[in-house]
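Asker: can't give you the sequence, but here's the structure:
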Ligand SMILES: Cc1cc2nc3c(=O)[nH]c(=O)nc-3n(C[C@H](O)[C@H](O)[C@H](O)COP(=O)(O)OP(=O)(O)OC[C@H]3O[C@@H](n4cnc5c(N)ncnc54)[C@H](O)[C@@H]3O)c2cc1C
């Protein structure tokens, strides 16, 4: 069991990075604390609280919009920008994370980094082609596919932390759909599906279909996207896309949901999400 000896609350990002680099492995970043405080890694004796860094809010970055890492999930859910953009899928997903008290604590940086099978935002970030800004000695902008190619715990270098998630602004008409399939409002997801389509006239120019909660990490299903891109998709294209999504992965199974049940859920909900976006 870990014993916390030091609680640091740096006022600048440079100070936070220096603390993390000086105390490699012994210092952990504290976001909202909703998972870290349940199990602090045994080697950790220092918490570096990010709450005084001013890393809160949503900022314009020209061709993208940045969500700063300490923005809470509740603040993201209330964001006008994300309620409007891409069918409001990011705000909708944020609004379905855990319970209201937890949404006031969970940070976007913590949710993006500490990705669990039940995490709701990562699949939406994948569908939105977001990128993650990490800051250490230098700043790196990591495309979301690369960020989730393995657990971010492995991709981040010692002393690096997530400082923002950037969501590209839509060029032309774009729409999205998100669903979190659960037994109750507060339950962990059996599946989440996020779909985004960019249109040129009636044709779909670009389509992303991302799934959450069916593998340890969120995943994009290019097999489904291929059925939709470059055409004005028909009902048959949508049915084919959903079937291919369902056949593309081996879903995880646990005491609540079998693999077959999750495959069936994917088929049904990818179809419904594509219908919502494509009409
Ligand atoms: C009962 C319960 C139910 C939940 N249900 C859901 C749910 O349905 N959907 C959902 O999406 N989430 C849910 N969560 C939240 C999820 O499991 C995580 O607890 C949460 O996303 C972590 O965010 P945090 O800001 O609290 O991070 P913390 O707990 O502070 O940190 C978690 C980890 O991330 C690291 N970290 C935090 N911020 C950063 C950063 N900026 N850069 C680098 N590393 C960082 C920490 O060092 C730690 O390793 C639930 C949590 C609880 C307790």
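Answerer: Received, thanks. The model shown is predicted, which means the values in this text are computed figures rather than measured ones. Numbers count the residues shown, from 1 in each chain.
Asker: Now do the contacts for whatever residue of the chain ends up closest to the ligand.
Answerer: Among all residues of the chain, residue 110 sits closest to the ligand, at 2.2 Å; criterion: C-beta to the nearest ligand atom. Any C-beta I mention is one placed from the backbone N, CA and C, and that applies to glycine too. Each residue near residue 110 by C-beta atoms under 8 Å, 6 or more residues apart in numbering is listed here: 31, 32, 34, 35, 36, 69.
Asker: Quick check: which element contains it?
Answerer: Assigned by DSSP states H and E, residue 110 belongs to helix 108-113.
Asker: Equivalent analysis for residue 149, please.
Answerer: Residue 149 is part of no helix or strand when elements are defined by DSSP H and E.
Asker: Tell me the spatial nearest neighbour of residue 148, not counting adjacent residues.
Answerer: Distance criterion C-beta to C-beta, 6 or more residues apart in numbering; nearest residue to residue 148, sequence neighbours excluded, is residue 217 at 5.2 Å.
Asker: Can you verify my assumption that that neighbour contacts residue 153?
Answerer: No - between residue 217 and residue 153 there is no contact, the gap being 11.1 Å when judged by C-beta atoms under 8 Å.
Asker: In terms of neighbours, single out the busier of the two.
Answerer: Set residue 217 next to residue 153 and count neighbours by other C-beta atoms under 10 Å: residue 217 wins out with 18 against 9.
Asker: Can you give me the pLDDT of that one?
Answerer: Residue 217 carries a pLDDT value of 97.
Asker: try residue 163
Answerer: 98.
Asker: Make sure it is actually in contact with residue 133.
Answerer: Yes - using C-beta under 8 Å, residue 163 is in contact with residue 133, at 5.1 Å.
Asker: For the stretch 101-250 of the chain, just list every one of the strands.
Answerer: Along the stretch 101-250 of the chain, the segments classed as strands by DSSP state E, counting those that start in this stretch run 131-135, 139-143, 161-168, 173-181, 191-200, 203-212, 219-220.
Asker: got these as TSV, with mean neighbour count and distance to residue 232 columns?
Answerer: Output for these, formatted as TSV (neighbours: other C-beta atoms under 10 Å; distance: least, C-beta to C-beta, whole Å):
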stretch	mean neighbour count	distance to residue 232
strand 131-135	21	30
strand 139-143	13	29
strand 161-168	24	23
strand 173-181	21	13
strand 191-200	25	9
strand 203-212	23	5
strand 219-220	21	22
